[in-house]
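Trainee: Output the structure for:
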Amino acid sequence: MNKIIIKVTLSLFVFCLTGSVYGQVDKKILNWYNGCGAGMQTDKAYKKLKNRKTTTVIVAIIDSGIDIEHEDLAGKIWVNKDEIADNGIDDDGNGFIDETIPAFITGNYSTSYSMFSTAFKDGNQLFDQLRANRIGISRRLGEQAGINVDDPVNIDPIDGTVIGYSGSSQDVLLPSFLAAYSGKDASNVSLGIFRDIPIPAWNLRYTGFMKYKWFKKNFSSFSVSHGYKSSYTVSSFTNNLQFDANDLTNTNAAGDFETSTLVSSATLVDEFSPLIRVDMKMKNSFSMIGELKRDRTLTMNFNNSTLTDIKGTEYIFGFGYVFKDVKMKTSFTGKKQTLKGDINVRADVSLRDNLTLVRSVNSDNDQISGGQKLFSIKLSADYRLNSNLTASFYYNHQTSRYAISTTFPRQSINAGFNIIYNLGGNQ
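Mentor: Prediction:
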């Protein structure tokens, strides 16, 4: 007789409420939280400040729960005088119609891009090009703002950029970054943050080798494939409430002109997935794949003027062979019998090399901050005894060696056998 034992655990939660009493609430005051004692004493503060000389202060409030028609706020909310309300026209030319009270705008942006022309160029040369582009971009922005860029008074004697559009300015760094890594000229690259036309990715697969006699004779299939994709992403942008379209000479703490849209970072990614892949199956039951992958991730940080450069390369080789009709004698069911099935053997070897480099735009200071070399071997063998029973063996071995000395090498090994019996299969 089988017994079922059910164990029930009861947990008791005890809540303890502690507090302090600051004073007796005056029941005559309906909004007691403005009064004395436990309140904020706003009434007392009003009386104390009532006859003092006042100074107008504009305070930015980022909140969706503000009642701007409240009696204490009515008439005190800053209003955009350059915009005429309810006329259906963008009077101040900031892209928003009838925006008398400035809105706080935030968002993110991503589009397909192309860095194919610089995919095989040296990373140090591309970074040097980014730094060199800043002078040309700064001069273009200066000319656009009506500044005489030929007057030495308007030029920074240290880095040659236009004063107000320094080499660390977001307006200068972003186009310089995009021009360098997309292979465009700094004299005609777009100066804006957003791009209008997405660039298509591609994935190609060629099987035309099977038309030739030698391939038909030796292979059941033979293909070569290649793929590429790239993206440009601004993870977060906000409008700059300090920007005044009617006074473009306003400067920030760094001495650069205020920009209309603030961006913390911009990221470029491109992937050859794969750069090339050869996949073949021979008529003698032998199969093989060879694959090469490459990827780059470049993040320009405008808060500290640094570029995070991550590169990865991966090599993959795979081999397989099918042993046909392998016989095995067994008495597993109590009587001797001969099982017959195919043994599918597979071996995959891969090597991936990642490196993370942080580069400073304003100084010759490049530091390796991460990365690793990961080597992997995977072996497997499946023996299909019949339509219901499959036995398999696997062996996985991974070794990683990190690029920084503070992290120790690691390796992991796991192996074992699996026996799978399908109860619902056909005999």
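
Trainee: which intervals of the stretch 201-350 of the chain have sub-threshold pLDDT?
Mentor: The model of the stretch 201-350 of the chain has pLDDT under 70 over residues 331-334.

Trainee: And the helices in it?
Mentor: Counting by DSSP state H, counting those that start in this stretch, the segments of the stretch 201-350 of the chain that form helices are 213-218.

Trainee: what does the stretch 1-150 of the chain give?
Mentor: Ranges of helices within the stretch 1-150 of the chain are 42-49, 123-144, based on DSSP H, counting those that start in this stretch.

Trainee: Remind me what the helix or strand just after the last one packs against, helices and strands.
Mentor: What that stands for is helix 123-144. The helix or strand immediately downstream of helix 123-144 is helix 170-182, counting by DSSP states H and E. In terms of contacts (3 or more Cβ pairs under 8 Å, 6 or more residues apart in numbering; DSSP states H and E), helix 170-182 is packed against helix 123-144, strand 261-263, strand 265-282, strand 286-301. For the C-beta atoms, the positions are set from N, CA and C on the backbone; glycine is no exception.

Trainee: Can you list the buried residues in the first one?
Mentor: Burial within helix 123-144, assessed by neighbour count using 16 or more other Cβ atoms under 10 Å, is assigned to 123, 126-127, 129-131, 133-142.

Trainee: quick check, nearest of those to residue 374?
Mentor: For those, the closest approach to residue 374 (Cβ to Cβ) belongs to residue 123, at 20.7 Å.

Trainee: From residue 115, how far out is that closest one?
Mentor: For residue 123, the distance to residue 115 equals 12 Å [Cβ to Cβ, to the nearest Å].

Trainee: Verify the contact between residue 186 and residue 141 for me.
Mentor: No. Using Cβ atoms under 8 Å, residue 186 is not in contact with residue 141, being 11.3 Å away.

Trainee: Now render the helices of the stretch 1-150 of the chain as TSV, adding mean pLDDT and distance to residue 221.
Mentor: Formatted as TSV, those follow (pLDDT from 0 to 100; distance: least, Cβ to Cβ, whole Å):
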stretch	mean pLDDT	distance to residue 221
helix 42-49	75	80
helix 123-144	95	38
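
Trainee: could you redo these as CSV and give each row distance to residue 200?
Mentor: Output for the helices of the stretch 1-150 of the chain, formatted as CSV (distance: least, Cβ to Cβ, whole Å):
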stretch, distance to residue 200
helix 42-49, 61
helix 123-144, 23
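
Trainee: Next, give phi and psi for residue 403.
Mentor: phi -80, psi -20 (degrees, to the nearest 10).

Trainee: Report the contact partners of it.
Mentor: Shown in contact with residue 403 (Cβ atoms under 8 Å, 6 or more residues apart in numbering): 354-356, 368, 370-373.

Trainee: for residue 189, same thing?
Mentor: Contacts for residue 189 (Cβ under 8 Å, 6+ apart) come out as 137, 175, 178-179, 182.

Trainee: at 6 Å instead, please
Mentor: Going by Cβ atoms under 6 Å, 6 or more residues apart in numbering, residue 189 touches 175, 179.

Trainee: Please point out which parts of stretch 319-337 sit buried.
Mentor: 320-322.

Trainee: Can you lay out these as CSV showing distance to residue 335?
Mentor: As requested, the buried residues of stretch 319-337 are exported to CSV (distance: Cβ to Cβ, whole Å):
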residue, distance to residue 335
320, 35
321, 32
322, 29
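
Trainee: Out of those, list just those in strands.
Mentor: 320-322 (DSSP state E).

Trainee: which one of those residues sits closest to residue 363?
Mentor: The closest of these to residue 363 turns out to be residue 320 (Cβ to Cβ; 52.0 Å).
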